[in-house]
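Enquirer: Next input, structure requested:
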Amino acid sequence: MNRIVLVAVQLLLFAGAVFAAEPEGLPVPAVLRPTLLPGCALPSPKLIAAAAPVNVALLLATDPSGSVIGVETRRSSGNAELDAAFVDAARACRFAPVPHAWLAGGRKLEYKLDYRYAGGLPTGVHACFSPDYPPVALRREEEGTTTVGFLVSAGDAAPQVKVLVSSGSRSLDAEALLMAGSCLANPSVRADLAPDRWYRQSVMWVLQ
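Expert: Predicted coordinates for the structure are as follows:
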C-alpha cells in the first residue's frame, strides 16, 4: 500500500506540520481500511506551540462503529502533558464504520497516527487530524498542492472556505475544502483565529 503524507503549510503566520497515517496490524481489505472522519481536533494549539518541535505517534484501536476503544503512545513528544492531551484528543476521534463480520473472532482495527510539527501556532487545517487520501485520487495516483483561503466571521455567519490555487485534481481540492470546513466547525479551532481575517494555507498531497 502506498503511504500517504499530507503536508499543511500556513502561509501567513507559521509553517511546518506533517501528518501521516497508515493502517497497522492485520492485513485489511482496501475497502475496509479505517477512514478518519473530518473534524477530529488536535490538542490545544497553544500547548502544541509551546512544546514545539513536536513528533508524536499514536496507535488507535477502533470498534466496528468507528469509535476509538484504545490509544497507545508509540512515540512520545517528551512532554507528558502533551502526550496525555494527544491521547485524549485521539479518543474523541471517529472513523467510518466497518462491517461487524470482518471484526469477528476478536479481531480489531488498528490505525497509526503520526503528527510532526516544527513550530508556530497551528490553526486552520493544522489544528485537526486529517482524513484519508481521497479514494478517487488514490486510484488515479493524483498528487498536487491545494491552497485554500478561510475566514471566520465575528458574528454567527458560517466560516467561508474557498480554493485559491487548485492542485489540478478535483477530488484533492474538494477534500482540502472538506478538511478546512470540518476543522473550522470545531469551536476550539475557531477560537484561535482572529475574526474577519482571511487566512491562506496550502495542503500538499503526496503518495510515497
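
Enquirer: What segments of this structure are strands?
Expert: 4-10, 17-24, 54-62, 68-75, 109-117, 144-151, 160-165, 199-207 (DSSP state E).

Enquirer: Run through who's touching the fourth one.
Expert: Spelled out, it's strand 68-75. Applying C-beta atoms under 8 Å, 6 or more residues apart in numbering, the external contacts of strand 68-75 come out as 55-63, 83, 86-87, 90-95, 108, 112, 114. From N, CA and C alone the C-beta is placed, and that goes for glycine too.

Enquirer: which of those count as buried?
Expert: Applying 16 or more other C-beta atoms under 10 Å to the contacts of strand 68-75, the neighbour count classes 56-63, 83, 86-87, 90, 93-95, 112, 114 as buried.

Enquirer: Select, out of the strands of the chain, the one closest to Tyr133.
Expert: If you check each of the strands of the chain against Tyr133 by C-beta to C-beta, strand 4-10 wins as the nearest, at 4.5 Å.

Enquirer: Quick one: mean pLDDT over that closest one.
Expert: Strand 4-10 comes out with an average pLDDT of 35.

Enquirer: any idea how far Val152 is from Val203?
Expert: Look at Val203 and Val152: by C-beta to C-beta, to the nearest Å, they are 18 Å apart.

Enquirer: Low-confidence regions, this protein specifically.
Expert: For the chain, applying pLDDT under 70 flags the ranges 1-34, 99-108, 120-123, 131-132, 208.

Enquirer: Could you pick out the longest helix of it?
Expert: helix 170-184 (DSSP state H).

Enquirer: tell me what that one is packed against?
Expert: helix 135-139, strand 144-151, strand 160-165, strand 199-207 (3 or more C-beta pairs under 8 Å, 6 or more residues apart in numbering; DSSP states H and E).

Enquirer: Contacts for the third one, please.
Expert: For strand 160-165, contacts defined as C-beta under 8 Å, 6+ apart pick out 145-151, 153, 173, 176-177, 180-181, 184, 200, 202.

Enquirer: Tell me which two of the residues you listed sit farthest apart.
Expert: The widest separation within the contacts of strand 160-165 (C-beta to C-beta) is 27.0 Å, between Thr145 and Ser153.

Enquirer: Show me which of these two is the more surrounded one.
Expert: Thr145 (17 against 12; other C-beta atoms under 10 Å).

Enquirer: Gly39 and Ser166, how far apart?
Expert: 24 Å.

Enquirer: swap in Asp156?
Expert: Applying C-beta to C-beta to Asp156 and Ser166 gives a distance of 30 Å.

Enquirer: any idea how far the closest residue to Val136 other than its chain neighbours lies from Leu138?
Expert: Spatially, and ignoring its direct neighbours in sequence, Val136 is nearest to Ser171 (4.4 Å; C-beta to C-beta, 6 or more residues apart in numbering). Separation of Ser171 from Leu138 (C-beta to C-beta): 9 Å.

Enquirer: Could you do Arg170 as well?
Expert: Distance of Arg170 to Leu138, given as C-beta to C-beta: 14 Å.
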